[in-house]
Structures are given as C-alpha cells and as structure tokens.
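In: this one's structure only:
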C-alpha cells in the first residue's frame, strides 16, 4: 500500500500543537539560565494528550493515536538514555526530531502528488533530501546550543568561584591592544584595570600603527601616572609602528613582553570596563592544568537611552547569554576576543594568535582544543564595552565575526574529519565548529533555493506548463501554529538573556534581520582566497550623515525593494497562480524583503539617535586600514 500525504496531515497537526504547548511549558519551567523548575515525567503524557485532544477536533481521535504513541515512545527513550535532560527538554527534543522526519516525508509526498514535469519533480525531491540532511545536523547542533532550555543537569562549571584561593594566585599579564582609539576611553579602561583586587598582575598596553600622537601620547602618560599611584610598575606602554597583523599582531607582540614567571594572559579590548574581581574570580579555574582558557560574555554599557543601541544590545545578548553556555556544556567553548584569560604556555606552544584570521580569538581556541586542552565559558558579566555607534560600524564588526569562522574552517578542516582521520577533537566539538562556520553559507543556499523554487514554480504556472498549485487545508493550520511557537521561543530567549521589554525584543529582531546581507557577504568572503582587511570598530561615536546612513544600507535597500516588487507581482497574479500559492509565496517573499529593509531602518535609527543626543557626525578613521590579512593557502 502506497502512503498518501493526507494520512500524514494528523501527524503534522499533532506535532505543531505539541511544539507550541512545549514552548509554553519550557518558558514556564526555565526562569533563568541553569535554573529549571522541577517537573515529573508524568506531566509529559498529559501535555501530549492535550495536544491530541485539540487535534482531534480537526481530524478525529482515532487519527491522533499514532502520532501520540510515536511521541510518547520517543520521549520515553530519551528519558531512559539522557538523564541530563529536563522533562520539558525531553518533550522539545522529541517533537523536534519527530517533526523533522514527518516534515520531510510530508514534503516528499506533497511534491510527488503535484502535476510537475518529471525532471522538475526529481530536482525538487533531491533538494528536499538535501534539506533533510542539513536539518538533521542543525537539529543535532541545537541540542548543544539550546542546552540552557532543555537541560537540568550540568557537567561543566556554570559560575566562577566567588573568591580566589589565597594559595593559588598565578602571575597574570593583561594585554590591552589599541589602534586609533579615543584616549579618554582607553584611559578609563586602564583605570578599571588598576582597581583589580588581584595582587600579582601587570598590564601591557600596545598601540599599534596609530599615526596621530595626540591619540597615543596621553595613554602613555596615563600609564606612568597610574604606576605612581599604585607605587609599583604595573602598567607598561608600547607604541609600535609599523606592526603587521592588526589586533593579532599586537597580541603576539605582547606575548614576548610578558614579565618573567607569567602563567596567564588576559585580553581586554580598549573600550571594556572590567569589574574589580575579573582576574581574582577567573584565576582559580586554572588550578586544573588542562584548562587553557576561560571566556566571559560580551556585554555593553551606555545603550539604555538610545533605541538604536538598545536594538543592537538586544541582538547581542541571546547568543552571549544562552547559546554560548550550551556550546560550553558540550565542550565547544571558544574565546571571543575580550574579557578572557588564557594559559600562556599552551598559547605559545600552539603558535600564538593567528594573524591571517579575522577572528583570531575563536581560531586560537580550535588549536588549543586540538592540543588536548579545553576551555570554559562563564555566563556572568565581568566587563562592559561600547556598541558601534553607526550601522556601518555595526556591519563591519559582524562581517569580521562571520567571515572569520569560515576562514577557520578553510584552514583547519582536517581537524574536523571523522575520528579515524582526526582524533584530536571530540565529535561534538567538530560538529559544533562545522555548523557554526558554515551557517552563513547554509543561510545563503537556503535563501537562493527558496527564491528559485518559488519564482520557477510561479513562472511555470504562469506560462501554462502545469496547473496552479493548491495547498492542502492543513497547511493553513500549521503556519500560524509554527509562527506562534517561534514567537514564544524567541520571547523566552530574550527574557533569559536579560531583555525584559517587548519593544526591545522587537528591536533586537529588527537588528538581527538588518544584518542578513552582511552575514551572507561575510560567508562568501570567508570562502574566497583573496586577502581580507581587518577593519576596526571605531569608538569615537557619532552618527555620520544622512547620505552616509543611506549609503551604508544601499545594497540591502535595493534587494529589499526588488523582493517586495516580486511579492506584489505574485499577489497580483493570484488569478493564474492560484490564490493559495500566490498568497503563501507573496507572504514569504514580502517577509524576506522586510528583513533586508530592516537595514536602512537601523541606519536611519542610528543617525536619528545621534542627532537627538547632539553628537557630531562620526570622525573619519585617524589612521588608514593598513593591516591586510592573507587567507590560508
């Protein structure tokens, strides 16, 4: 007997209802990171039964029995095998993987039932199978990335020790690289470092390639002033020009300048104001000789009064406060450039900082883990920096963060091969690194594939090659349920990361959408063999000009308008294409257009905030961007 797509409709509806109920249950159970309210496994069948009862109003009770049994069977297996999962976590992972399998089979049967030419149908089915493979890997990666939402037992540290042990106080060298920074910002960073409640440390400040002496001379004098106040030579200042390698070059320079007996190196960006216990609370982790680095989250200050900066802040936080904790739990913690501490010996042994990579911070953690060490990511904030003042600077920062991991994959792909060929990294770590590195490329392929399928099908129907596509009635129930589930989980992630206001959550999603183009561009650039320029994020503030704001988002604006025009054409051709296909396709294309059009909105929002606060247009870079980073051969 050949399976019919309609036989899977009850399964799809049950899964969609269960996913929404589970999202609500998870939001109620997980109040903060690593704090899960206890739940009994007996509650899970009640949730599934409720989903079946709701679904039976559409298909009848008998049709709900098979998906209910499959869900409970999978949940029971997870309960027996994965004792670290919370009960809501078991429900979420069960419905997720059940949804992947049923969704793939449903899609294949739907495509098989369409009156398409055999070649086009075969191509569509091949694409569906490829999508299944990527979805399975992505869902497996989400087990780690969303561990805060699904786990209640933790194998790795979740907090830093409250106080350092008196007998363990290794010498720490704090490295502060600068390039064309506002002197007042750097000096405030130095002041906060001078206030550390840790005895045995030094601070090395390296200003590399700044041409204007008015920027680095005050910092040099301030180092001397702080040494006089402290009564000992804690601060040492270096101005080096020329010095290749951008930030990585400066950090490598400082490695050779550490005082004798230095065991640990701390890295802090020029605009970060560290808490007094930054060093004292992180140093105890290194009593374990296999710990090579400890990373704390990026966090930011001076954003509350600005809608633009608040949007950026909200966009940053879920990854820093939620995703990174889960990756740490599965052994994939990596350094992210500031507010981190590393063991000097292993850092030198693996070759120091990579001057060829735009993300020299996360790259070095790959080599350290491959050398047999591991790292720790602590979710507590130990310092706050400044958010890029203009949308163009925000995009520059995200370009580095996107292209760099792709460069890492190009250089280190052999480390990520299956165990028989590469034994130095655990399997979970390999998968997490691969998925993180290919994520922008995967997003680009999905976007292109979706557009090609929609436009190709619309043109073929419009040309009379095959009849209008009619969607099954269940699709109109699945779409709002999926949207509601996404909204609940998005709201929950923001709440867990410290974003409480709905308005800020909306702005965070706008900021995330506004970066879509630069993420795609960064993914392509990382694959290229051409040299990439390391472009700093200016700290001078300022909002630029109207022309500059519009120009910074011009590609996104043009793409968004083109997609919006396509959506209008699809909607207007509903008589030929069919109302259902036209409505769904036009809606999808319009939503994609809005994601690109968030970019000019963010650029203008940044300009408006700067003008409202009376900030002068941003100054041009004081020194040219001279550090060209060659990619791996």
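Out: Arrived safely. Keep in mind the model is a prediction, meaning the values are calculated, not measured.
In: low pLDDT regions in the stretch 101-250 of the chain?
Out: Of all residues in the stretch 101-250 of the chain, those with pLDDT under 70 make up the ranges 116-117, 119-120, 163-167.
In: run a quick neighbour tally on the closest residue in space to residue 39 that isn't next to it in sequence.
Out: Beyond its immediate neighbours in the sequence, the residue positioned closest to residue 39 (C-beta to C-beta, 6 or more residues apart in numbering) is residue 87, lying 4.1 Å away. In short, each C-beta sits where N, CA and C put it, glycine included. For residue 87, the number of neighbouring residues by other C-beta atoms under 10 Å comes to 24.
In: is residue 87 in contact with residue 36, as I believe?
Out: No. Residue 87 is not in contact with residue 36 according to C-beta atoms under 8 Å; the separation is 9.2 Å.
In: residue 19 and residue 99 touch, don't they?
Out: Yes. Under the criterion of C-beta under 8 Å, residue 19 lies in contact with residue 99, with a separation of 6.7 Å.
In: neighbour count for these two, which is higher?
Out: Set side by side, residue 19 and residue 99 give different neighbour counts by other C-beta under 10 Å, the larger being at residue 19 (24 against 21).
In: and the gap between the more buried one and residue 96?
Out: Using C-beta to C-beta, to the nearest Å, residue 19 is found at 8 Å from residue 96.
In: now swap in residue 11 and tell me
Out: 14 Å.
In: same thing with residue 379?
Out: As for residue 379, its distance to residue 96 is 24 Å (criterion: C-beta to C-beta).
In: and residue 533, what pLDDT?
Out: Turning to residue 533, the model gives it a pLDDT of 65.
In: ok so, going back, pull up the overlap in contacts between residue 87 and residue 36.
Out: When contacts are counted by C-beta atoms under 8 Å, 6 or more residues apart in numbering, residue 87 and residue 36 are jointly contacted by residue 29.
In: enumerate every residue touching the residue nearest to residue 39.
Out: Going by C-beta under 8 Å, 6+ apart, residue 87 touches 29, 39-41, 43-44, 79.
In: and of those residues, the nearest to residue 72?
Out: Ranking those by separation from residue 72, with C-beta to C-beta as the measure, puts residue 44 on top at 7.8 Å.
In: surely the closest one is in contact with residue 91?
Out: Yes. Under the criterion of C-beta under 8 Å, residue 44 is in contact with residue 91, at a separation of 5.4 Å.
In: between those two, what contacts are shared?
Out: Counting by C-beta under 8 Å, 6+ apart, the shared contacts of residue 44 and residue 91 are residue 75.
In: show me where the stretch 101-250 of the chain has its strands.
Out: For the stretch 101-250 of the chain, the strands defined by DSSP state E, counting those that start in this stretch occupy 172-178, 201-208, 235-240.
In: which other helices and strands does the last one contact?
Out: Strand 235-240 makes packing contacts with strand 201-208, helix 213-230, helix 246-255 when contacts are defined by 3 or more C-beta pairs under 8 Å, 6 or more residues apart in numbering; DSSP states H and E.
In: at 10 Å instead, please
Out: strand 172-178, helix 183-194, strand 201-208, helix 213-230, helix 246-255 (3 or more C-beta pairs under 10 Å, 6 or more residues apart in numbering; DSSP states H and E).
In: where's residue 479, which helix or strand?
Out: Residue 479 belongs to helix 475-496 when assigned by DSSP states H and E.
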